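Asks: Sequence first, then the predicted structure:
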Amino acid sequence: MLAALANPHRLRIIAALQSDGRNYVSQLAREIGISRPLLHLHLQKLEEAGLVTSQLELSRDGRALNFFDVSDFFIELTPEAIAQAAQSLTGKPEK
C-alpha cells in the first residue's frame, strides 16, 4: 500500500475519487490531466494494492465504461509498520 501511495499521480487519483465519487477512466483522465494509458497503469497499481475497485458497465449507447471507486482502507503509520514495509524492499540501499 505504501508503495502504491508513494506516487503523486496515485495520490491525485485517490483524492479525485474520494471527493467526486466513482468515475470512469476517460472522465477521470480528463479531470486529473493525464493520458488514459498512464491512468490505467496507476489504477492497476492502486487496484493491486486494494486501494481502489473497478466495475465494468455498459453505457446507454452500448459503450463499455470501466468505473473506479476508492476502497475503504486504513493505514496506521507507525515505526513498526515502516520496518515491516522496509522488509519488502528489493535491491541494496544507496550509500
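Replies: Good, I have the coordinates.
Asks: For the rest of this, base every contact and every neighbour count on C-alpha atoms.
Replies: Noted.
Asks: List the buried residues for the helix or strand where residue 54 lies?
Replies: Assigned by DSSP states H and E, residue 54 falls within strand 52-58. Buried residues in strand 52-58, defined by neighbour count with 16 or more other C-alpha atoms under 10 Å: 52, 53, 54.
Asks: angle of the first helix or strand past that strand going along the chain against strand 52-58?
Replies: Counting by DSSP H and E, the next helix or strand C-terminal to strand 52-58 is strand 64-70. Calculated by axes from the mean of the first three to the mean of the last three C-alpha atoms, to 10 degrees, strand 64-70 forms an angle of 160 degrees with strand 52-58.
Asks: Show me which residues of strand 64-70 are buried.
Replies: So strand 64-70, judged by 16+ other C-alpha under 10 Å, has buried residues 67, 68, 69, 70.
Asks: which outside residues touch the helix-or-strand element of the chain with minimal mean pLDDT?
Replies: Least confident helix or strand of the chain, by mean pLDDT, DSSP states H and E, is helix 79-86 with a mean of 85. With contact meaning C-alpha atoms under 8 Å, 6 or more residues apart in numbering, helix 79-86 is reached by residue 2.
Asks: then it to PDB, C-alphas only?
Replies: Written as PDB, here are the backbone C-alpha positions of helix 79-86 (Å, rounded to 0.1, in the frame of the first residue of the first chain):
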ATOM      1  CA  PRO A  79       7.700   2.800  13.200                       C
ATOM      2  CA  GLU A  80       6.800  -0.900  13.200                       C
ATOM      3  CA  ALA A  81       4.700  -0.600  10.100                       C
ATOM      4  CA  ILE A  82       7.600   1.200   8.300                       C
ATOM      5  CA  ALA A  83      10.000  -1.600   9.500                       C
ATOM      6  CA  GLN A  84       7.700  -4.200   8.100                       C
ATOM      7  CA  ALA A  85       7.300  -2.400   4.800                       C
ATOM      8  CA  ALA A  86      11.100  -2.000   4.600                       C
END
